[in-house]
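Q: Sequence first, then the predicted structure, then my questions.
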Amino acid sequence: MSTHALPPSFDNTALAFQYKSDPELKKARFLFKVMSNPMLVQLGTRLTPWSIRMGLPVKGLIRSTIFSQFIGGETLEQTIPVAAKLGSFQVKVILDYGVEGKQGEHFYDQARDEFVRVIDFAATQPNIPFISIKLTGLARFELLEELHRKMVVINKPLLERYELALNQLSPALLNEWGRVCSRMEKICFHATAKKIAVALDAEETWIQEPLDALCAIMMELCNKKSPFVYNTYQLYRTDRLEFLQAMQQLASSRGYISGAKLVRGAYMEKERKRATQLGYTSPINPNKEATDKLYNSALRFCIQHINHFGIVVASHNEQSCLLAFNLLIEQGLPSNHPHIHWSQLYGMSDNITFNLAAAGCSVSKYLPFGPIEDVVPYLMRRAQENTSVKGQTGRELGLIQKELVRRAHSA
Ligand SMILES: Cc1cc2nc3c(=O)[nH]c(=O)nc-3n(C[C@H](O)[C@H](O)[C@H](O)COP(=O)(O)OP(=O)(O)OC[C@H]3O[C@@H](n4cnc5c(N)ncnc54)[C@H](O)[C@@H]3O)c2cc1C
């Protein structure tokens, strides 16, 4: 194992954009400029899903713009050259079958089979150690909501409230939930057998309880020796640091390694709006500083207990990514410790990904794939994120511009 005591510099744009040609970089600059305009994004995020539903001929335009920036391809096969290119720069891949919003048992079974295919493919590749899954791709949203509602009112530890809530489900719902569990088991067991890790995405707070419970059960079954199953912790939630600590205690008491993917959280506006509408206290921190503080505390906690955790630093925040690196060095641990991994979304924050890779860290791009109509919700989130997150677009644009100038001068 190599140790890299020198922290990476995220300002090195030559490294950050080495995989992009000049025309590709100019296209990225154009896209980020468009996304920095809130009016255009608002219009686009309304019109795009509608145009697709109406069957208007917009797919070509989407494919050559926002889709190619943020998505690996329409099929698993189309991600092969993208993953290979990233691999040639020591960047790994978390493959994400990005289908969202499909309802029905048939679609859930189809999604399970596609995840198994993704795992089989990942196992043949040198740089795809993870896949990502969403439970809403395998289960009916209303079923998750119902189970969540029953769990959240029980004041007991996670797995106890899960068992008690299950006892209150009707036989039909219990059966339906049984099918969800089998799909999840099939995916997690297959992945573990193939030595591929599975990261379960965190979603809306009003369905999260059953996701957490099922994930804890899978971790106990799959993470005895190495972390293969990861839950996602959204640190924009006021309660998640405490929950992360409780999950670590559960893992220690039951003799398994806790997989923890740390994110800030993607549904802030939706969460706050719902809390206001229904008149309950928002589960989200009052401000960005509070979220940053909790995120970094969670990171500290995980790295202090690194032998008991598999950690994914899933963030575009330079301070947090650097903090993780520095905490390892402080503890005398190598920056490529097998229990820590960094990840950024494909199409964003290349300066973090490629500079961490060059510093010897295990780092990936989170690479979604799927038919255009199915990945539209994901794309709309990216467009909104790049407009609403203060500084994100400005930072991307500034870095791209800096690299274009550097290339022009060195030509
Ligand atoms: C690899 C990867 C996987 C991801 N998986 C998931 C997932 O499973 N589930 C999920 O929900 N998200 C997921 N995300 C998205 C993530 O939650 C964030 O939305 C996104 O990464 C931006 O946060 P940041 O840490 O990168 O950086 P920053 O730009 O520093 O932080 C922005 C984030 O801070 C928080 N924030 C901003 N303003 C405020 C405020 N006023 N008050 C309180 N908090 C505020 C919000 O969470 C916002 O998204 C993932 C991100 C990555 C990179």
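A: Nice, thanks for sending it over.
Q: tally of neighbours for Q331?
A: Using other Cβ atoms under 10 Å, the number of residues around Q331 comes to 11. Bear in mind the C-beta positions are built from the backbone N, C-alpha and C, glycine included.
Q: Touching, it and H305? I think so.
A: No: judged on Cβ atoms under 8 Å, Q331 makes no contact with H305 at a distance of 10.9 Å.
Q: residues in contact with the residue nearest to K150 when sequence neighbours are not counted?
A: Distances taken as Cβ to Cβ, 6 or more residues apart in numbering place A165 nearest to K150, at 3.8 Å, with adjacent residues excluded. Residues near A165 by Cβ atoms under 8 Å, 6 or more residues apart in numbering: 147, 150-151, 154, 209.
Q: same deal with S36?
A: Contacts of S36 by Cβ under 8 Å, 6+ apart are 386-387, 393-394, 397.
Q: And the helices in the stretch 1-150 of the chain?
A: For the stretch 1-150 of the chain, the helices defined by DSSP state H, counting those that start in this stretch occupy 13-16, 22-35, 38-53, 59-62, 68-70, 79-87, 105-123, 141-152.
Q: before we move on, back to that, give me the distance between the residue nearest to K150 and P210.
A: For A165, the distance to P210 equals 8 Å [Cβ to Cβ, to the nearest Å].
Q: which residues do the two both contact?
A: Shared contacts of A165 and P210 (Cβ under 8 Å, 6+ apart): 147, 151.
Q: before we move on, back to that, shared neighbours, Q331 and H305?
A: Between them, Q331 and H305 share no contacting residue under Cβ under 8 Å, 6+ apart.
Q: residue boundaries of the helices in the stretch 251-400 of the chain?
A: So, for the stretch 251-400 of the chain - with DSSP H, counting those that start in this stretch - the helices run 268-278, 288-304, 318-330, 350-358, 372-388, 392-410.
Q: which residues are contacting the fifth one?
A: Residues outside helix 372-388 that contact it (Cβ under 8 Å, 6+ apart) are 32, 35-38, 41, 44-45, 48-49, 52, 59, 62-63, 66-67, 70-71, 74, 98-102, 266, 269, 345, 347-348, 368-369, 392-393, 396.
Q: so which helix or strand takes in A246?
A: Assessed by DSSP states H and E, A246 sits inside helix 240-254.
Q: That helix - contacts with which helices or strands?
A: helix 158-167, helix 208-222, strand 229-234, strand 258-263, helix 288-304 (3 or more Cβ pairs under 8 Å, 6 or more residues apart in numbering; DSSP states H and E).
Q: relative orientation of that helix and helix 158-167 in degrees?
A: Angle of helix 240-254 versus helix 158-167, following axes from the mean of the first three to the mean of the last three Cα atoms, to 10 degrees, is 90 degrees.
Q: right, is helix 240-254 up against the ligand?
A: No: applying Cβ under 6 Å from any ligand atom, one finds helix 240-254 separated from the ligand by no less than 10.9 Å.
Q: Dump that helix to PDB, keeping only the CA atoms.
A: Extracted C-alpha coordinates of helix 240-254, given in PDB (Å, rounded to 0.1, in the frame of the first residue of the first chain):
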ATOM      1  CA  ARG A 240     -28.400  11.300  10.700                       C
ATOM      2  CA  LEU A 241     -25.200  11.600  12.600                       C
ATOM      3  CA  GLU A 242     -26.800  10.000  15.600                       C
ATOM      4  CA  PHE A 243     -28.400   7.300  13.400                       C
ATOM      5  CA  LEU A 244     -25.000   6.600  11.700                       C
ATOM      6  CA  GLN A 245     -23.500   6.100  15.200                       C
ATOM      7  CA  ALA A 246     -26.400   3.800  16.200                       C
ATOM      8  CA  MET A 247     -25.800   1.800  13.000                       C
ATOM      9  CA  GLN A 248     -22.100   1.400  13.800                       C
ATOM     10  CA  GLN A 249     -23.000   0.100  17.300                       C
ATOM     11  CA  LEU A 250     -25.500  -2.300  15.800                       C
ATOM     12  CA  ALA A 251     -22.800  -3.600  13.300                       C
ATOM     13  CA  SER A 252     -20.200  -4.000  16.100                       C
ATOM     14  CA  SER A 253     -22.600  -5.900  18.300                       C
ATOM     15  CA  ARG A 254     -23.600  -8.200  15.500                       C
END
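Q: Next, the buried residues of that helix.
A: Neighbour-count burial for helix 240-254, counted by 16 or more other Cβ atoms under 10 Å, picks out 240-241, 243-244, 247-248, 250-251.
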